[in-house]
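# I would like to see how this sequence folds:
(chains A and B)
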Protein chains: 2
Amino acid sequence: MPADDNLDALLDLDTLHASLRHANVESMTFLNEVAQLFPDAVSFAAGRPCERYLSVEAVHRYIDLYRDHLAKELDGDLAKVHRTMLQYGRTKGIIDDLVAEHLAVDEAIHVDRESVVVTVGCQEALFLTLRALRRTERDVVLTVRPAYVGITGAALLTDMRLLSVADSPGGLDFDDLERVLREAREEGLRPRALYIVADFANPSGATLDLPSRYRLLELAEAYDFLVLEDNPYGFFTGDDEDGLPTLKSLDRSQRVVYLGSFGKTGVPGARVGYVVADQRIAVAEDQTELLADQLARLKSMLTVNTSPIGQAVIGGRLLEHNLSLRAATLRERQIYRENRRQVTEGLARRFPPGKGPEVTWNSPRGGFFLVLDVPFPVTDELLEHAGREHKVLFTPMHHFYGDGVPVPRMRLSASQLTADEIETGLDALARFIHEQVD
Amino acid sequence: MPADDNLDALLDLDTLHASLRHANVESMTFLNEVAQLFPDAVSFAAGRPCERYLSVEAVHRYIDLYRDHLAKELDGDLAKVHRTMLQYGRTKGIIDDLVAEHLAVDEAIHVDRESVVVTVGCQEALFLTLRALRRTERDVVLTVRPAYVGITGAALLTDMRLLSVADSPGGLDFDDLERVLREAREEGLRPRALYIVADFANPSGATLDLPSRYRLLELAEAYDFLVLEDNPYGFFTGDDEDGLPTLKSLDRSQRVVYLGSFGKTGVPGARVGYVVADQRIAVAEDQTELLADQLARLKSMLTVNTSPIGQAVIGGRLLEHNLSLRAATLRERQIYRENRRQVTEGLARRFPPGKGPEVTWNSPRGGFFLVLDVPFPVTDELLEHAGREHKVLFTPMHHFYGDGVPVPRMRLSASQLTADEIETGLDALARFIHEQVD
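I've put the predicted structure just below:
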């Protein structure tokens, strides 16, 4: 937001935290601004959930459902119900029990409620986890490149160095992972964790296959690091396909910290996520605590507690669907599946192999994102041109590589679009691509 | 939370962030645990707002009031209303305009809505501000000692060194402040800001008088630092007394960053606070932005945005009372005033001067807290003893000094108690104190 420029500045940006000059921050700012500049464009850029079934009426209903549930739990003590839902509250949250039950129902993840910390979206969970693991400048976190902007942001905020591991169509290049781990140790660094979206990653759409999941867990033990499994899209497979088991459900040695979000499956505006951290921490010679307890202490200094009203909204939604978000998201999953099909089939019609520009894409069987490879570098200038002249938006992939060097790739998402918008948008996208190569 | 001790620990606490070993964190954990251990004790320890008028029904009403307001603003476009209230949203918030209007109505603070960032309680605002100002280890923040645990926590999370300034009955020892500023500079440090609760501070109850407010603003210019004014209790004067003007309302040179909370005046469970940061930041040779924009960028990496549902609750409450929280809190202010009177008069009856143990206290004309000076060090063991044997709780003041050395002082708050509870609690407190000195 450019401000009135004839006023004296009090401070210089170079005296503020270094993250504010980082490409990641400029990326987010730029992408937001472009979206605002071209509100009439069809946007394949946003990774937002379908909002067709969101309503304020449902919010009211969820809050009441949770209140009634709580009243039963508290033997009808309404003063306690009101205190729980409306006062300052427990740092770990008030729906930790429902979250744990939901994980058992939907994900075969069986954890004690004490291992759960309810957070302000998944992003706070990420920050807390990195903040805990970053003891000194030697502590580093790994992630695949291209990386989700949220992990880059959390690493920046905690001054934690982020090491990149090469991507592969299977989600992770294991040879490169081992190389990075070895070289980091030789440099005197401590790789504390690998961040991964194992199912339908943002931005690549890649999914880790089952043998790779086992292999990653073995490597985590062999090289003594944690796996930060972020799973916002795991449910969004087709109705006819089961997803793969989460890393956490395969974890037999406390290696996986599981990061969850209700932003895509619940109500984004509730801003509720969570972290499952059942790792044991030695706090004294003969005493252990949970990593979750440590994260809660950090949270008490950051946001104190997650809005219990927001938690009631999510709690009510969980209760309405017998703790199953798979059940709750039936209609949305149908839409996402249909939109994915429409985008990939629409691309195939518009870019037949061997004819016209050489354009290829992956076809993830779930999630929100796919990646389109095109025969020209996708710059920010081209995005603005596409928005202005062709009324279509996408995300240049260089924003996920962290160095600003344009790559010939773009990320597409149709999670929030109607069938008509997808057709209009693909037509515009095809015109834009033809214009670039012709 | 002690965990099952026969399981192997995966990590040692000493490999996690240093803040987890800090006295401040242990204080918060200990005080929470004691409160849970003695739920039947009268607690003068909690600094929570009165919850008599909180209700889930009011939450529903506020949400609808805000929805109707938004529908008018958006010309009846219900899809946009739902998107604003329920989707991922603007990082700076959706009630920034209402917050700015409320500040004009209640505090004579006149700022543009673009200077406001709505945060997850005031604590996130504190974190964001320190995160922005902590560029290198040379950047330090100042605060009076005894200090609010929230500023200590935010400094710990940002690895920012906190320098203590001596307290005074007027809230701040200016000679000591100048000494600390000079010595810090001689050491090569950059004092970036002074954190202060100018009205009815937590824990001391002290208020900065008007000449001191002007003097502080002058010093901020002379020594080039910002004033972080946190004002959760400013409204809670007696009905017959106006408060002093806030530092921000006196600020003519962008020196004050104003931190606000709706936790005490609105609905704590909405977890909504805000920061006003109208400072100009030079971002390029001929371009400035607002500090608020930088804080929003940091927020996009921390919590993305504050729950718009929580914001709707606060927005509705503001709308119901014509943007005046002074008007909205009439009944609560009456209760706080009455409780303060009852506590100080009750103490005077139980501890008459010249008879019995030498006990003195201050009598803040507003806010939640007063400090009791007693003739013995108030240790954590004594607190547990008081909870168990006398069924009364308070806060040993050493928790606000950061070094764990017991001091002969305790903090009392009666904000959440009934008249009967106050009498019972004061009787128990008197018995406990007599037991210690007799």
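# in the stretch 51-200 of chain A, what residue is nearest chain B?
Nearest residue of the stretch 51-200 of chain A to chain B (CB to the nearest CB) works out as A:Gly153 at 3.0 Å. Quick note: C-beta positions are derived from backbone N, CA and C, even for glycine.
# check which helices and strands the helix or strand hosting A:Pro191 sits against.
If you go by DSSP states H and E, A:Pro191 is part of strand A:190-196. With contacts taken as 3 or more CB pairs under 8 Å, 6 or more residues apart in numbering or on different chains; DSSP states H and E, strand A:190-196 sits against helix A:121-133, strand A:139-145, helix A:174-186, helix A:210-222, strand A:226-230.
# out of the ones you listed, flag the one nearest A:Met397.
The closest of those to A:Met397 is strand A:139-145. By CB to CB, the value is 10.6 Å.
# can you list the strands that the closest one pairs with?
Partners of strand A:139-145 in the sheet, by DSSP bridges, are strand A:161-166 (parallel), strand A:190-196 (parallel).
# any chance of a markdown table for those strands, columns mean neighbour count, mean pLDDT and distance to A:Glu338?
Output for the strands paired with strand A:139-145, formatted as a markdown table (neighbours: other CB atoms under 10 Å in any protein chain shown; pLDDT from 0 to 100; distance: least, CB to CB, whole Å):
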| stretch | mean neighbour count | mean pLDDT | distance to A:Glu338 |
| --- | --- | --- | --- |
| strand A:161-166 | 18 | 97 | 33 |
| strand A:190-196 | 23 | 98 | 28 |
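# would you turn these into JSON lines with distance to B:Gly76?
Shown next, in JSON lines, are the strands paired with strand A:139-145 (distance: least, CB to CB, whole Å):
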{"stretch": "strand A:161-166", "distance to B:Gly76": "46"}
{"stretch": "strand A:190-196", "distance to B:Gly76": "43"}
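# walk me through the domains of chain A.
Using automatic domain parsing, the domain parsing of chain A gives A:16-45+A:330-437, A:62-326.
# can you tell me the closest non-neighbouring residue to A:Arg297?
Nearest residue to A:Arg297 in three dimensions, chain neighbours excluded: B:Val25, at 5.1 Å (CB to CB, 6 or more residues apart in numbering or on different chains).
# contacting residues for the one you found?
For B:Val25, the contact set (CB atoms under 8 Å, 6 or more residues apart in numbering or on different chains) comprises A:297, A:300-301, B:19, B:153, B:156.
# just the buried ones among those residues, please.
A:297, A:300-301, B:19, B:153, B:156 (16 or more other CB atoms under 10 Å in any protein chain shown).
# quick check, nearest of those residues to B:Gly354?
Distance to B:Gly354, by CB to CB, is smallest for B:Gly153 among the buried ones among the contacts of B:Val25, at 41.5 Å.
# elements contacting the helix or strand hosting the closest one?
According to DSSP H and E, B:Gly153 maps onto helix B:149-157. Where contact means 3+ CB pairs under 8 Å, 6+ apart, helix B:149-157 is packed against helix B:23-37, helix B:121-133, strand B:139-145, strand B:161-166.
# buried sites along the longest one?
Read it as helix B:23-37. Neighbour counts over helix B:23-37 (16+ other CB under 10 Å) mark B:23-25, B:27-31, B:34 as buried.
# ok, the contacts of B:Val25 vs B:Gly366, which is closest?
Nearest to B:Gly366 out of the contacts of B:Val25 is B:Gly153 (CB to CB; 24.6 Å).
# I'd like the distance between the nearest residue to the closest one once chain neighbours are set aside and A:Gly316.
Excluding the flanking residues, the one nearest B:Gly153 by CB to CB, 6+ apart is A:Met301, at 3.0 Å. For A:Met301, the distance to A:Gly316 equals 29 Å [CB to CB, to the nearest Å].
# helix, strand, or coil at the residue positioned nearest the centre of chain A?
For chain A, the residue nearest the mean C-alpha position is A:Pro232 (5.5 Å; CA atoms, centre = their mean). Counting by DSSP: H, G, I helix; E, B strand; the rest coil, the backbone at A:Pro232 sits in coil.
# list the contacts of it.
A:122, A:197, A:202, A:260-261, A:263-265.
# same check, this time on A:Leu228
Counting by CB under 8 Å, 6+ apart, A:Leu228 touches A:126, A:129, A:141, A:151, A:193-196, A:256-257, A:259.
# what two of those are the furthest from one another?
A:Ile151 and A:Val256 (15.6 Å).
# between the two, which one's more packed in?
Using other CB atoms under 10 Å in any protein chain shown as the criterion, A:Ile151 and A:Val256 rank with A:Val256 on top: 28 against 25.
# report pLDDT for the more buried one.
What the model reports for A:Val256 is a pLDDT of 98.
# which residues does it contact?
Residues counted as contacts of A:Val256 (CB under 8 Å, 6+ apart) are A:217, A:220, A:226-229, A:247-248.
# in those residues, find the pair that's most separated.
A:Leu217 and A:Leu228 (13.1 Å).
# tally of neighbours for A:Ala46?
18.
# tell me the confidence at the residue nearest to it when sequence neighbours are not counted?
Spatial nearest neighbour of A:Ala46, chain neighbours left out: A:Gln416 (6.0 Å); criterion: CB to CB, 6+ apart. pLDDT for A:Gln416: 94.
# now do the SS call for A:Gln416.
Per three-state DSSP, the secondary structure class of A:Gln416 is coil.
# which phi and psi does it have?
The phi and psi values for A:Gln416, taken as degrees, to the nearest 10, are phi -110, psi 10.
# what residues are up against it?
Residues near A:Gln416 by CB under 8 Å, 6+ apart: A:43, A:46, A:48-51.
# at 6 Å instead, please
A:46, A:48, A:50 (CB atoms under 6 Å, 6 or more residues apart in numbering or on different chains).
# between those residues, which sits nearest B:Asp286?
For the contacts of A:Gln416, the residue nearest B:Asp286 by CB to CB is A:Ala46; the value is 32.3 Å.
# find the nearest non-adjacent residue to A:Leu177, please.
Spatial nearest neighbour of A:Leu177, excluding adjacent residues (CB to CB, 6+ apart): A:Val165 at 4.9 Å.
# tell me the first helix or strand C-terminal of the helix or strand of chain A with the lowest mean pLDDT.
Using mean pLDDT, DSSP states H and E, the weakest-scoring helix or strand in chain A turns out to be helix A:23-37, at a mean of 85. For helix A:23-37, the succeeding helix or strand toward the C-terminus, using DSSP H and E, is strand A:42-43.
# distance check, the closest residue to A:Phe200 other than its chain neighbours against chain B.
Spatial nearest neighbour of A:Phe200, chain neighbours left out: A:Gly367 (2.4 Å); criterion: CB to CB, 6+ apart. As judged by CB to the nearest CB, to the nearest Å, A:Gly367 and chain B stand 17 Å apart.
# how many neighbours does A:Gly367 have?
For A:Gly367, the count of nearby residues is 27 (other CB under 10 Å).
# also A:His434?
Per other CB under 10 Å, the neighbour tally for A:His434 reads 14.
# quick one: what helix or strand has it in it?
If you go by DSSP H and E, A:His434 is part of helix A:419-437.
# thinking again about what came up before, TSV for the buried ones among the contacts of B:Val25, including distance to B:Pro406?
Formatted as TSV, these follow (distance: CB to CB, whole Å):
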residue	distance to B:Pro406
A:Arg297	23
A:Ser300	23
A:Met301	23
B:Ser19	23
B:Gly153	21
B:Leu156	22
